[in-house]
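**Student:** structure here, sequence nowhere to be found:
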């Protein structure tokens, strides 16, 4: 068998991404017998236009809620909207059977916001610019005993 060509790109198309994602999903399902990966989005939409203003994107898989991206425009920050949206993502994770949640943020973004919502840091890795870190946080989603 000839080895495939290797391509490095900053513009993979949707088909390329699907091959990688679906291949890993299939491997995981075969390895553990669970095929439960599902996307998750909690969106803030303008009530007049229906246009998405911001939101949370992530996924659930194998008992974990992964939050990938969370953005709200500055005008909506500090209103309690972000806290409500995060709670809704956590509730959906619980509904899907997730025991824990995980995310990362950057030190100049919102680590304190997440800590106030009960998330705890489990690691930090320096990144650019100097003095900045990616901060990894987790939250137990199981009901209190």
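**Tutor:** Yes, it's here. All of these numbers come straight from a predicted model, not from anything done at the bench. Numbering: from 1, shown residues only.

**Student:** name the nearest residue to residue 118, ignoring sequence neighbours.
**Tutor:** Nearest-residue entry for residue 118: residue 139, 5.8 Å, with adjacent residues in sequence omitted and distances by CB to CB, 6 or more residues apart in numbering. For every residue, glycine as well, the C-beta is placed using N, CA and C.

**Student:** distance check, that neighbour against residue 7.
**Tutor:** 37 Å (CB to CB, to the nearest Å).

**Student:** between these two, which is the more surrounded one?
**Tutor:** residue 139 (18 against 7; other CB atoms under 10 Å).

**Student:** the residue nearest to residue 118: what's it in contact with?
**Tutor:** Shown here is residue 139, whose contacts under the criterion CB atoms under 8 Å, 6 or more residues apart in numbering are 90, 100-101, 117-120.

**Student:** which parts of the host helix or strand of it are buried?
**Tutor:** Secondary structure assignment for residue 139, by DSSP states H and E: strand 132-140. Along strand 132-140, the positions that meet the burial threshold by neighbour count (16 or more other CB atoms under 10 Å) are 133, 135-139.
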